[in-house]
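Colleague: fold the following for me, if possible:
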Amino acid sequence: MRDQLQSSELSTNQLSRMDILKLAMESEEQRLKLEQERQQLVTKVEQDAPKVRFAERVYISPDAISVGEAAKVIGTGQRRLFDFLRNIGWISRRNEPYQQKIEQGFLNVKLSNFQHPEHGLKQSVTTVVTGKGLTKLKQLWDEEHPQLH
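Modeller: Take a look at the predicted model:
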C-alpha cells in the first residue's frame, strides 16, 4: 500500500473512489487480523497464568523438597503422589528412587542415621524431589489427572 501511494504514477488526484475503498478495505482487514492475533495472545497469557504461577513457586523452592511438600505444590496428598511415582516408574516399592531418575536430576536421596532400639545404628533413605523433577512431575500429573487442575 505504501509503495502504491508513494509511486509516481499514483498521486492523490489519480486515486478513484474504488481505489480509495479498496485501500480502506485492505487496511480494515489488516486491522481485524491484528486484533484477532492480539486476542489470541491475550487468551494464551490467561491460559498460561497457572503454569507461570506454578513455575514461580518451583523457582523459589529449595534445591530438593520432600515428596510430601511436592504433593502440596502439585495439589494432592503424599500417599497419592507416592502411588503415582511408583506407577510411573520413578520409585521402587520401598519408595526409593531409581538411579535413572537420580541421574536425570528429577529425584535425589537424603541419607540419615537413626538409632534403632534393638538393631543399633540404622541408615534411613528419604526420597526428595528436585526443582527439575517437580516441574516434570507436575506436567505428568496434569496429563494423568486433567480434571483436577
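Colleague: how far does stretch 83-95 sit from its chain's centre?
Modeller: Relative to the centre of its chain, stretch 83-95 is centred 23 Å away, using CA atoms, centre = their mean, to the nearest Å.
Colleague: residue 122 - that's part of a strand, no?
Modeller: Yes: according to DSSP: H, G, I helix; E, B strand; the rest coil, residue 122 belongs to a strand.
Colleague: and it, how many neighbours?
Modeller: Residues contacting residue 122 under the criterion other CB atoms under 10 Å number 10. C-beta here means a position set from N, CA and C on the backbone, and glycine is covered the same way.
Colleague: where in the chain is pLDDT low?
Modeller: Confidence mapping of the chain against pLDDT under 70 gives the ranges 1-14, 55-62, 147-149.
Colleague: test my guess that residue 84 contacts residue 144.
Modeller: Yes: contact criterion CB atoms under 8 Å: residue 84 and residue 144 qualify, at 7.1 Å.
Colleague: so is residue 21 in a helix, a strand, or just coil?
Modeller: helix.
Colleague: residue 30 versus that one, what's the distance?
Modeller: 15 Å (CB to CB, to the nearest Å).
Colleague: ok, the residue nearest to the spatial centre of the chain to residue 63 distance?
Modeller: For the chain, residue 51 is the residue whose C-alpha lies nearest the centre (CA atoms, centre = their mean; 4.7 Å). Remark: distance between residue 51 and residue 63 (CB to CB) = 22 Å.
Colleague: one more: residue 47?
Modeller: 30 Å.
Colleague: please apply the same query to residue 125.
Modeller: Counting by CB to CB, the gap from residue 125 to residue 63 is 17 Å.
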